[in-house]
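Asks: Sequence first, then the predicted structure, then my questions.
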Amino acid sequence: MATTGRARARRTEPGSAGLVGTRLAMAGTVLYLLEWVAIIGSSPAGPYGPGTATSQLLSDYSSHAGRAGTAAAWFSIVLIGRVLFVAAVRSSLRAQPRLLPVLDLALAAMAVGVVLEVTTYAVDAATARMAADGAGGAVVSALDQTAYWTNLLIAGPLGVAVLATSAAMLRSRWYAGWLCWLGLGSGVVWLATALIGGVTYGTGDGIGALDPAEAVGALSLWVWMLATGVVLWRARRGTSGAPAPGLDPAV
């Protein structure tokens, strides 16, 4: 009987008591998705990467100097939303201390990914300004390659962060299985994108596969973040679970 009771306890239903609701997951998601304001309104020129003619680099970068700077500044603010999101998920599972090391890893990896992405657009903005100020083709090409390679590296830590966060969510048994597996799938796609990009960099082989892979990874990431934000928002309002005894709901 005791064994049956323990087994029943392990099969905790998603949304059961213990999940600490918070609005911060949705806040982080919305903040992150505000990147589309800059993508649509002030889209940066690059990075372009290997195989791009120097004349095209000079022309495109020089015509985007102002917009690239605006986009870089905007991204440096809104991309922090991804870090806030992981921090919120970590907070929601603080009643399960055994999961916190995995979520600490996820939080650190997401921060690394955000730093790399902000750096990418900072270099992109610098490249555009230098091109507009008359820098030579060799300088602009070198900066573009730097931004391109930095951009490729974003997928690695992003994949680790999403994979670790989703694994912790699944292990907790306090989130719906489909939501956890969606996040795991997104993390795997991002890791595959990082490996493909690294292996094929400069060869042209497999680069075409990165665009659909990134599209799948991005779409699944957005849906996963939004759905998780809704779950934690509802938990905060007490519609899908109550906080564990002795724990106050997060903001």
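Replies: That came in fine, so what should we check first? Numbering: from 1, shown residues only.
Asks: just checking, residue 125 touches residue 69?
Replies: Yes. Assessed by Cβ atoms under 8 Å, residue 125 is found in contact with residue 69 at 4.6 Å. Glycine gets a C-beta too; all of them are placed from N, C-alpha and C.
Asks: Buried ones in stretch 218-235, by neighbour count?
Replies: For stretch 218-235, the neighbour count (16 or more other Cβ atoms under 10 Å) marks 220-221, 224-225, 227-229, 231-233, 235 as buried.
Asks: is it fair to say residue 43 lies in a strand?
Replies: No. With DSSP: H, G, I helix; E, B strand; the rest coil as the criterion, residue 43 is located in coil rather than a strand.
Asks: what's the burial count for it?
Replies: For residue 43, the neighbour count with other Cβ atoms under 10 Å is 12.
Asks: same check, this time on the one 4 residues further on
Replies: Summarising burial for residue 47: neighbours were counted as other Cβ under 10 Å, giving 23.
Asks: Go ahead and list the helix or strand containing residue 188.
Replies: Under the criterion of DSSP states H and E, residue 188 resides in helix 177-200.
Asks: repeat for residue 158
Replies: If you go by DSSP H and E, residue 158 is part of helix 137-172.
Asks: buried set for that helix?
Replies: 140-141, 143-170, 172.
Asks: got it, and stretch 86-99?
Replies: Buried residues in stretch 86-99 (16+ other Cβ under 10 Å): 86-96, 99.
Asks: average pLDDT across it?
Replies: Averaged across stretch 86-99, the pLDDT comes to 95.
Asks: Figure out how far that stretch is from the centre of its chain.
Replies: 18 Å (Cα atoms, centre = their mean, to the nearest Å).
Asks: How about stretch 148-167?
Replies: 7 Å.
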